[in-house]
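Got a predicted structure here, sequence first:
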Amino acid sequence: MSMIDGISQLLFNVYEAFTVALYVKGNEHLNCISSVTFAKSFDKDRRIPIEGTLPGWVIKHNEPLIIPNFDKDEDALGYYGASEGIKSFMGFPVDVEAVVIVDSKKKYVFTDREKKILGFFVSVIREEIERASREREVEEAIEDFYAEKRIMGLFNGLNLGKIAVDEILKEVLSISGGDFCFVGVEKNGRLSITDVYGVDRPDELKRDCQPGASIASMVMEGGRELLLPYNSGYLREKPLFFSNEPIKARQFFGFPLATDDAILGVLGFVSLIDVKLKEQFISVLRNVSTFLSLYYSSRWMKEHINRLKDFEPVTGAIQFSSFLGIIDKMIKKNEKFSLLSVKVLHVKTYNKRMGHEFTHNLLRRIFQVIQYSAGPQAYISRKGGGRFYIAVKGSDMVEVRNMIKLIQYTGHKILSEERAFDRGDLIECSMCMFPEDSKDLWELLEKAKDGKHRKIIE
């Protein structure tokens, strides 16, 4: 039995009470932490509303209350599930966060003398609550220290690809005191929720947030922390993620994931009930957001580097080595395709007369023409100089010829407009087909660039 339970039992005996209980304040309710009673309808786990109850009145006014001849509806007590025939009531504030209640089935048993005696016991209870609170704080500090240490250790596993982000979120959620947490990353200027931990159906939240209209997006767009208090007006006025979302947030801590001047996303913590997020651990949550920023930054760099390996830097076309791999796979699968060659003539002259930047810009424009004409399903590569190769699946000869004519016409028009060269032929297009013209990769490439083989004339 704890010290507080011992005091409750002593009060119960001294006052010959029907019920003695100690309640502490939550956000909107009182929670029982100690009780002794004869009542069968008393439920220690029942939360008492602060508004509209006598224990709540004592808390709100921070004053003792004695009703020697209790003749009110017992619903005003809040802690019974049925009528118990209570005739006297006394409540005494421990401080603004707790209250001791004593009641009896006898009238006029509580007077100023009993109130004075109860005041002495209350001072002992207050000291015990403070001592227990200090002990809990020390225990929580130790527990959270080891939790933070575990989290930092998990980042090593995350960076090595041994665990997922969910494992980090699971640990850090326990520190925050929230109901769930999430990570959103920036995609094309919008915040996309990618990881959610702590809700039953996380996929319902894995969507793009409304730019400028959601709390989570505000963190990314503002690039700074957003620590909203419990029952913040922002959370009542704006959705956390998107309209008609399946949650009702009561409190929110949001931290931007950033590196230098680039905003990568958001780490957020949410409370859905009347348990507040733990403000004392904001610095820990901030540290986690910093480590996650480094993780997502590193992941972005790896993806970016891989893309650079696969795409030619001047135009953005597929690197020729990667293109050869694609064609080789198509040949091995015996997939029919057309292989087109488009050559911009006089590239060396452009470089000499107009400079490399002019030529690069010209090649980029020709690549865009090829992209538009060939469509998203085609593979386009630049081998070097002004030579492009295009692989188009299928064997529709009419469609391919029309495609080449469009490339040749539009490309010639662009090159003519630049007035960089005054000779007639500016672009050359030709093609071959697999398997009709060859089944060998290198022979196909030679035939594709041979202007005499299936050459397309304007």
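Good, I have the coordinates. None of these values were measured; they are calculated from a predicted model. Residues are numbered from 1 along each chain as shown.

what secondary structure does residue 343 sit in?
strand (DSSP: H, G, I helix; E, B strand; the rest coil).

distance of the closest residue to it other than its chain neighbours from residue 388?
Spatial nearest neighbour of residue 343, chain neighbours left out: residue 428 (4.6 Å); criterion: C-beta to C-beta, 6 or more residues apart in numbering. Any C-beta I mention is one placed from the backbone N, CA and C, and that applies to glycine too. Going from residue 428 to residue 388 by C-beta to C-beta, to the nearest Å gives 11 Å.

who's more crowded, the two?
residue 388 (25 against 18; other C-beta atoms under 10 Å).

Could you give the bridge partners of the closest residue to that one other than its chain neighbours?
Using C-beta to C-beta, 6+ apart and skipping residues adjacent in sequence, the residue nearest residue 388 is residue 342, 4.4 Å away. Residue 342 has these beta-bridge partners by DSSP bridges: residue 388, residue 429.

For residue 342, which residues are in contact?
366, 370, 387-390, 404, 407-408, 411, 427-429 (C-beta atoms under 8 Å, 6 or more residues apart in numbering).

what's the answer for residue 292, then?
Contacts of residue 292 (C-beta under 8 Å, 6+ apart): 165, 168, 183, 257, 267.

Check the secondary structure at the fourth one for me.
If I follow you right, that is residue 257. Residue 257 - assigned by three-state DSSP - is strand.

Bridge partners for it, pull those for me.
With DSSP bridges as the rule, residue 257 is bridged to residue 265.

quick revisit: roughly how far apart are the residue nearest to residue 388 and residue 409?
Taken as C-beta to C-beta, the span from residue 342 to residue 409 is 12 Å.

Helices of the stretch 201-350 of the chain, residue ranges please.
Secondary structure of the stretch 201-350 of the chain, counting by DSSP state H, counting those that start in this stretch: helices at 215-222, 233-237, 282-310, 320-332, 347-354.

where in the protein is pLDDT low?
1, 96, 136, 138-145, 261, 303-309, 418-424, 451-458 (pLDDT under 70).

so which strand or helix has residue 167?
Counting by DSSP states H and E, the element that carries residue 167 is helix 165-176.

Need the contact partners of that helix.
Counting by C-beta under 8 Å, 6+ apart, 144, 147-148, 150-151, 154-155, 157-158, 180-183, 194-198, 253, 269, 277-278, 281, 284-285, 288, 292 sit against helix 165-176.

Please produce a PyMOL select command covering the buried subset of the residues you listed.
One line in PyMOL is enough to select the buried ones among the contacts of helix 165-176; burial here means 16 or more other C-beta atoms under 10 Å:
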select buried, resi 144+147+148+151+154+155+158+180+181+182+183+195+196+197+198+253+269+277+278+281+284+285+288+292
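
could you give the angle of whichever helix in the chain runs longest to helix 282-310?
Assignment by DSSP state H gives helix 112-159 as the longest helix of the chain. If you take axes from the mean of the first three to the mean of the last three C-alpha atoms, to 10 degrees, helix 112-159 sits at 20 degrees to helix 282-310.

Against which helices or strands is helix 112-159 packed?
helix 3-14, strand 65-67, strand 88-95, strand 98-104, helix 165-176, helix 282-310 (3 or more C-beta pairs under 8 Å, 6 or more residues apart in numbering; DSSP states H and E).

list the contacts for the residue lying closest to residue 439 once chain neighbours are set aside?
Nearest residue to residue 439, sequence neighbours excluded (C-beta to C-beta, 6+ apart): residue 331, at 6.7 Å. Neighbour list for residue 331: 434, 439, 441 [criterion: C-beta under 8 Å, 6+ apart].

from the residues you listed, which single one is nearest residue 320?
residue 441 (12.3 Å; C-beta to C-beta).

quick one: that closest one and residue 389, what's the gap?
11 Å.

Neighbour count: those two, which is higher?
When neighbours are counted by other C-beta under 10 Å, residue 441 and residue 389 differ, and residue 389 comes out ahead with 25 against 15.

Enumerate every residue touching the more buried one.
320, 323, 339-342, 380-383, 445, 448-449.

now with 7 Å?
323, 339-341, 381, 383, 448 (C-beta atoms under 7 Å, 6 or more residues apart in numbering).

same thing with residue 296?
Here residue 296 is in contact with 185, 257, 264-265 (criterion: C-beta under 7 Å, 6+ apart).

circling back to that earlier point, looking at the helices of the stretch 201-350 of the chain, which is closest to residue 394?
Using C-beta to C-beta, these put helix 320-332 closest to residue 394, at 11.2 Å.

what angle separates that closest one from helix 282-310?
70 degrees.

Now do the buried residues in helix 320-332.
320, 323-324, 327, 330-331.

Distance of the residue nearest to residue 388 relative to residue 450?
13 Å.

for residue 184, same thing?
Taking C-beta to C-beta, one finds residue 184 at 53 Å from residue 450.

Now do the same contact list for residue 271.
Contacts of residue 271 (C-beta under 7 Å, 6+ apart): 178-179, 250-251, 277.

Check residue 247 too.
240, 272.

10 Å - rerun?
179-180, 199, 204-205, 239-241, 270, 272 (C-beta atoms under 10 Å, 6 or more residues apart in numbering).

Quick check: residue 162 is in a helix.
No: counting by three-state DSSP, residue 162 is not part of a helix but coil.

Count residues in the vicinity of it, would you?
Using other C-beta under 10 Å: residue 162 sits among 10 other residues.

start at 446 instead
Right, with 446 as the first residue, what we last looked at is residue 607.

Next, it: phi, psi?
phi -90, psi -20 (degrees, to the nearest 10).

Was I right to think it contacts residue 598?
No: at 11.5 Å, residue 607 does not count as touching residue 598 under the criterion of C-beta atoms under 10 Å.

Residue 495 reaches residue 542, doesn't it?
No: in terms of C-beta under 10 Å, residue 495 does not count as a neighbour of residue 542; the distance is 11.4 Å.

Now do the shared contacts for these two.
468, 470-471, 475, 504.

Inside helices: which ones of those?
Counting by DSSP H, the shared contacts of residue 495 and residue 542 contribute residue 504 to helices.

before we move on, the earlier item: overlap in contacts of residue 886 and residue 834?
769, 772, 784.

In a markdown table, list those along with distance to residue 550.
Shown next, in a markdown table, are these (distance: C-beta to C-beta, whole Å):
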| residue | distance to residue 550 |
| --- | --- |
| 769 | 94 |
| 772 | 94 |
| 784 | 98 |
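
Now do the same contact list for residue 662.
629, 635-636, 653-656, 683-687, 699, 711.

Nearest to the spatial middle of this protein, which residue is it?
By C-alpha atoms, centre = their mean, the chain has its centre lying nearest to residue 628, at 2.2 Å.
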